[in-house]
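Enquirer: Model the structure of this input:
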Amino acid sequence: MDVKNTGQVAGKEIAQLYLSAPAKKLDKPALELKGFGKTRLLQPGETQLMTFVIDARSLASFEPSVSSWIAEAGTYSVRIGSSSRDIRLNASFTLAKELTVKKETVALVPAQKINELKPNL
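Expert: Here you go, the predicted model:
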């Protein structure tokens, strides 16, 4: 993404990358901050290319029933802007099949079932 100083004085900008996951099986927030970067001091009219890398780990959420970090299949939305309320670039991509990013070992098993707190949507 190109960030351009359109003002009259030199300044810096922070570009933020937000991700929305399909959330078909796993509980996911509507929008997650997954990366950010600050430009160098840009003179008026100057542009800087900002890049972000989205890897499998940044797509994954923990699934307690299988003790694994899972990236769900489906369409992911990517938003980049100076804040979650000031989005300047939208894109999307599709993950064709579910991915197990990391399997955790079960070290401690609770003696009683734990009821997870989930928002009423």
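Enquirer: May I have the beta-bridge partners of Leu99?
Expert: Counting by DSSP bridges, Leu99 forms beta bridges with Ala71.
Enquirer: Report how many residues lie close to Glu98.
Expert: 15 (other C-beta atoms under 10 Å). (Glycine included, C-beta is placed from N, CA and C.)
Enquirer: For it, which non-adjacent residue is spatially closest?
Expert: Closest residue to Glu98 apart from its sequence neighbours, by C-beta to C-beta, 6 or more residues apart in numbering: Ala73 at 4.7 Å.
Enquirer: Run through the residues that contact the one you found.
Expert: Pro22, Lys24, Leu95, Ala96, Lys97, Glu98 (C-beta atoms under 8 Å, 6 or more residues apart in numbering).
Enquirer: Measure how buried the third one is and give me the count.
Expert: Read that as Leu95. 16.
Enquirer: Please tell me I have it right and it contacts Ser58.
Expert: No. Assessed by C-beta atoms under 8 Å, Leu95 is found out of contact with Ser58, at 11.8 Å.
Enquirer: Among the contacts of Ala73, find the lowest-pLDDT one for me.
Expert: Least confident entry in the contacts of Ala73, by pLDDT: Lys24, with 80.
Enquirer: Let me know the pLDDT of Asn120.
Expert: On the pLDDT scale, Asn120 is placed at 66.
Enquirer: ok, and for stretch 92-99, which residues are buried?
Expert: Leu95 (16 or more other C-beta atoms under 10 Å).
Enquirer: outside of that stretch, which residues touch it?
Expert: By C-beta under 8 Å, 6+ apart, stretch 92-99 touches Ala56, Leu59, Ala60, Ile70, Ala71, Glu72, Ala73, Gly74, Thr75, Tyr76, Ser77, Val78.
Enquirer: Residue ranges in the chain under the pLDDT threshold?
Expert: Residue ranges of the chain with pLDDT under 70: 107-109, 119-121.
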